[in-house]
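> need a 3D model of the sequence below.
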Amino acid sequence: MTLASLADHASLLLLGAGLVFWFWGTWPLLESRTYLSKLHALSVADTLGSALMLLGLLLRIPGQWPLLVLALVALILWNTIFGYVLANCWQASRREPEP
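Modelled structure (predicted):
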């Protein structure tokens with residue numbers, strides 16, 4: 001087995017795992033939990049699935065590594081910051097107004 005063949009198989013495995021996480025993350029939307037817990041499960045699975053897919057693409061097209069690494073870092077930062085802002089806004093709306 002050559003190195004190119006091994007990278008191709010690993011790329012397909014990462015892309016497939018990313019798709020599994022995408023579909024796995026949408027399953028909690030059908031459950032009867034709170035809105036915030038549904039959104040948390042979706043965002044974690046979606047971020048992990050997208051990161052795995054970007055790593056799979058990085059193995060498949062290594063010539064585009066600057067763009068793919070930038071997309072990976074932006075994805076992780078954006079989803080983390082968005083989750084924090086959303087949770088903070090939700091908590092602010094549940095606080096008692098001060099007189």
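> what about the helices in this protein?
Using DSSP state H, the helices of the chain run over 3-26, 35-60, 65-94.
> comparing these by mean pLDDT, which bottoms out?
Within those, the least confident segment by mean pLDDT turns out to be helix 65-94, at a mean of 83.
> next, the angle helix 35-60 makes with that one.
Using axes from the mean of the first three to the mean of the last three C-alpha atoms, to 10 degrees, the inter-axis angle of helix 65-94 relative to helix 35-60 is 180 degrees.
> sorry, back to before: which of the helices of the chain is buried the deepest?
Counting by mean count of other C-beta atoms under 10 Å, helix 35-60 has the highest mean neighbour count of the helices of the chain, with a mean of 17. All C-beta spots, glycine's among them, are computed from the backbone N, C-alpha and C.
> direction-wise, compare it with helix 3-26 and give the angle.
Taking the same axes, to 10 degrees, one finds that helix 35-60 is oriented at 170 degrees with respect to helix 3-26.
> so which elements touch helix 35-60?
helix 3-26, helix 65-94 (3 or more C-beta pairs under 8 Å, 6 or more residues apart in numbering; DSSP states H and E).
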